[in-house]
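A.B. asks: Got a predicted structure plus its sequence, pasted below:
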Amino acid sequence: MTDYHNNLINIIKSDNRVEFYDIFEKILNNQITIKKYHLELCLSFLSTEHNLEILSRYFVLLIDFYKINQLKYDISSYPLIIRISSSLGQLKKSNDYLIEMENMKIPIKNRTISPMIESMSKCFLLNDNLEIDIFKTLVTIFDKYYNLFKTEQFYQLLICFKYYLHLEKQTDVIKSRMFKMFQIWNEIDFISDNKIVDILKSKNKEFVSIGYDLFDVNIIDSTCSRCNSKLKKHELSYLERDKLVDQLFKTYKNNTNHNNNISGLDLFKKYIESKSLDNDKSIFYIIDGGNVGHSSNGVFISDIVIQMLYNLESDLNKTSNLNKENIILLVILHKSHKKDFENEFINSTIIDSKIKDKVYIWYTPFKENDDIYWLLGSFMIENSFVITNDQMRDHHVDKLDEILFNRWKKNHIINYVLDVSFNKTKQINQINQINQINQINQIKFNFTFKYPHPYTVGFQSSEKYYHLPSYYSDFDKDIKWICFSK
């Protein structure tokens with residue numbers, strides 16, 4: 001039996017579908033006895049099958065297997081069963097399973113409803129009665145679970161609305177749900193992708209017919225060129241920032257072993273509280289020193305961080321509406337770089353004593369992720385920015401509230417571009433020589449910065465109008481927007 005278990009796991013890992021279905025058929029015919037865990041593995045693997053004929057055949061056998069062996073679906077199997085039935089276009093069955101989950105008080109998540117909505121958006125059925133039933137199911141799912149929707153589900157919902165608008169009796173239902181959808185977008189600081197804007201554009205007569213006529217506009221000094229509405233910056237509230245701090249600490253405690261009662265992060269938290277109280281009017285620019293220092297060729301170079309401090313301070317001094325006395329530069333660095341960085345920083349000739357007085361340095365302990373420290377610092381200090389090119393894909397980020405974290409990212413991250421130039425008297429071909437070259441002044445570093453916009457790039461609602469970015473990349477200066485009336 002153990003051999004079958006190990007064999008099954010290896011087959012699934014190698015994506016060998018021929019051997020999988022051979023074993024799976026024996027399982028379904030009760031020729032092999034397996035544990036529930038392995039049955040769920042089989043179910044998960046089956047749900048990835050793209051051949052609908054194969055999927056349909058084994059899905060029927062699987063349902064019979066559950067009935068014959070008197071097995072019950074649970075929190076793990078229900079979403080997979082719904083995914084498979086939705087892929088097969090069996091939306092009534094999917095909805096029945098969803099109702100069963102509700103009755104059993106099993107939590108409904110995005111992964112449970114998303115296959116149903118995707119299937120509905122692809123469904124062009126000829127039977128009017130069935131078509132209306134599907135539409136009613138869609139509306140019910142939206143009314144109950146709109147808080148679980150992500151960008152893709154909103155897009156698929158609009159596809160369905162566009163398709164069903166020819167049913168005159170459903171026009172008012174769609175109008176009311178679209179209004180609710182726009183309200184939701186405003187509440188969750190929604191970011192559209194280009195597909196959503198395309199389907200809403202005025203070329204779609206269906207949406208124009210119910211009053212949503214869209215106009216391409218420019219945003220100049222945060223103001224719409226059509227309606228003169230001023231776009232806002234949606235900052236996190238104190239309670240929202242505090243929630244992220246709590247979530248970050250829980251993740252940190254779960255993933256770090258502490259021999260002492262007070263951890264490195266606890267000490268840093270007290271340090272930030274003290275600094276922010278002493279400098280309550282200051283703007284904190286928190287530098288991800290590890291990310292910056294490794295940005296040239298993967299080897300940490302202290303001079304790069306020092307050059308970045310010089311370029312950043314010079315850049316900020318050019319900003320007319322910024323009080324230069326209120327600038328604080330906080331560098332977060334791993335303890336392993338302390339000796340090298342302090343020596344270079346103290347002896348640096350490119351930054352004078354006035355700049356050095358604005359610089360604070362915090363060294364993170366060994367065996368700890370320094371990213372958590374600059375995240376915590378910015379979560380705690382409302383008036384702060386983080387200078388980093390980090391993509392923030394670490395596991396601790398997954399534990400944070402996604403909506404709050406995305407809003408924080410849009411408003412508080414400053415990206416940078418590093419330009420490396422070489423002395424013309426000596427042609428340098430290999431960047432891995434950078435350490436030696438830097439010591440003999442053969443190389444020059446220069447940073448330019450990409451600041452967040454003074455308004456939030458995302459869905460916005462004013463008194464009479466909605467605004468939606470129709471095309472943008474992060475910190476793109478030439479963002480296209482659409483404006484339409486409520």
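C.D. replies: Yes, it's here. Worth saying up front: this structure is predicted, and the values here are computed from it rather than measured.
A.B. asks: Now for Leu312: which residues touch it?
C.D. replies: For Leu312, the contact set (C-beta atoms under 8 Å, 6 or more residues apart in numbering) comprises Tyr285, Ile287, Leu329, Ile387, Phe447, Phe449. No exception for glycine: its C-beta is placed from N, CA and C like everyone else's.
A.B. asks: cool, Ser229 as well?
C.D. replies: Thr223, Gln460, Ser462, Glu463, Lys464, Tyr465, His467, Cys483.
A.B. asks: Next, work out how far apart the residue lying closest to Ser462 once chain neighbours are set aside and Gly211 are.
C.D. replies: Closest residue in space to Ser462, ignoring its immediate chain neighbours: Ser229 at 3.9 Å, by C-beta to C-beta, 6 or more residues apart in numbering. Distance of Ser229 to Gly211, given as C-beta to C-beta, to the nearest Å: 18 Å.
A.B. asks: quick one on the thing from earlier: export the contacts of Ser229 to TSV and tack on neighbour count and distance to Lys410?
C.D. replies: Formatted as TSV, those follow (neighbours: other C-beta atoms under 10 Å; distance: C-beta to C-beta, whole Å):
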residue	neighbour count	distance to Lys410
Thr223	15	19
Gln460	25	12
Ser462	17	19
Glu463	7	23
Lys464	9	25
Tyr465	18	21
His467	23	15
Cys483	22	20
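A.B. asks: Closest to Lys358 out of those?
C.D. replies: Thr223 (33.5 Å; C-beta to C-beta).
A.B. asks: For the closest one, which non-adjacent residue is closest in space?
C.D. replies: Computed as C-beta to C-beta, 6+ apart, the closest residue to Thr223 that is not its neighbour in sequence is Lys230, at 5.2 Å.
A.B. asks: Now for that neighbour, how many residues are close by?
C.D. replies: Lys230 sits with 13 neighbouring residues when counted by other C-beta atoms under 10 Å.
A.B. asks: Give me the pLDDT for it.
C.D. replies: Looking at Lys230, its pLDDT is 94.
A.B. asks: ditto for the one 4 residues further on
C.D. replies: If you check His234, the pLDDT there is 85.
A.B. asks: now do Thr151
C.D. replies: What the model reports as pLDDT for Thr151 is 83.
A.B. asks: any idea how far Ile184 is from it?
C.D. replies: Relative to Ile184, and taking C-beta to C-beta, Thr151 is found at 12 Å.
A.B. asks: Give me the common contacts of the two.
C.D. replies: The contact lists of Thr151 and Ile184 share Phe190, where a contact means C-beta under 8 Å, 6+ apart.
A.B. asks: could you dump the host helix or strand of Lys92 to CSV, C-alpha only?
C.D. replies: For Lys92, the element it lies in under DSSP states H and E is helix 91-103. The C-alpha trace of helix 91-103 is given here as CSV (Å, rounded to 0.1, in the frame of the first residue of the first chain):
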residue,chain,number,x,y,z
LEU,A,91,-23.3,25.4,-13.2
LYS,A,92,-26.5,24.2,-11.5
LYS,A,93,-24.5,21.5,-9.8
SER,A,94,-21.8,24.0,-8.8
ASN,A,95,-24.4,26.2,-7.2
ASP,A,96,-25.9,23.2,-5.4
TYR,A,97,-22.5,22.4,-4.0
LEU,A,98,-22.1,26.1,-3.0
ILE,A,99,-25.4,26.0,-1.1
GLU,A,100,-24.3,22.8,0.7
MET,A,101,-21.1,24.6,1.8
GLU,A,102,-23.2,27.5,3.1
ASN,A,103,-25.6,25.1,5.0
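A.B. asks: So for it, what gets flagged as buried?
C.D. replies: Leu91, Lys93, Ser94, Asn95, Tyr97, Leu98, Met101 (16 or more other C-beta atoms under 10 Å).
A.B. asks: cool, stretch 407-422 as well?
C.D. replies: Buried residues in stretch 407-422 (16+ other C-beta under 10 Å): Arg407, Trp408, Lys410, Asn411, His412, Ile413, Ile414, Asn415, Tyr416, Leu418, Val420.
A.B. asks: just stretch 307-323 next, same as before
C.D. replies: Gln307, Met308, Leu309, Tyr310, Asn311, Leu312, Glu313, Leu316.
A.B. asks: Tell me which entries of the residues you listed lie within strands.
C.D. replies: Assignment to strands by DSSP state E places none of the buried residues of stretch 307-323 there.
A.B. asks: Any chance of the residues you listed in TSV with distance to Asp357 and pLDDT as columns?
C.D. replies: Formatted as TSV, the buried residues of stretch 307-323 follow (distance: C-beta to C-beta, whole Å; pLDDT from 0 to 100):
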residue	distance to Asp357	pLDDT
Gln307	18	92
Met308	17	92
Leu309	12	92
Tyr310	14	91
Asn311	18	91
Leu312	15	91
Glu313	11	88
Leu316	15	87
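A.B. asks: Show me which of these is closest to Phe215.
C.D. replies: Out of the buried residues of stretch 307-323, the member with the shortest distance to Phe215 (by C-beta to C-beta) is Leu316, at 36.5 Å.
A.B. asks: Spell out which helix or strand contains the closest residue to Met178 other than its chain neighbours, please.
C.D. replies: Nearest residue to Met178, sequence neighbours excluded (C-beta to C-beta, 6+ apart): Phe161, at 6.6 Å. Using DSSP H and E, Phe161 sits within helix 151-164.
A.B. asks: and the helix or strand following that helix, how far from the chain's centre?
C.D. replies: Following helix 151-164 in sequence order, the next helix or strand is helix 171-187 (DSSP H and E). Remark: helix 171-187 is offset 24 Å from the chain centroid, using C-alpha atoms, centre = their mean, to the nearest Å.
A.B. asks: Just the buried positions in helix 171-187, please.
C.D. replies: By 16+ other C-beta under 10 Å, the buried positions in helix 171-187 come out as Ile174, Arg177, Met178, Met181, Phe182, Ile184, Trp185, Asn186.
A.B. asks: Show the contacting residues for the third one.
C.D. replies: For Met178, the set of contacting residues under the criterion of C-beta under 8 Å, 6+ apart consists of Phe161, Ile210, Tyr212.
A.B. asks: Does the longest strand anywhere in the chain pack against any helices or strands, and if so which?
C.D. replies: Using DSSP E, we find that the single longest strand of the chain is strand 413-422. For strand 413-422, the contact count by 3 or more C-beta pairs under 8 Å, 6 or more residues apart in numbering; DSSP states H and E identifies strand 384-387, strand 443-450 as packing neighbours.
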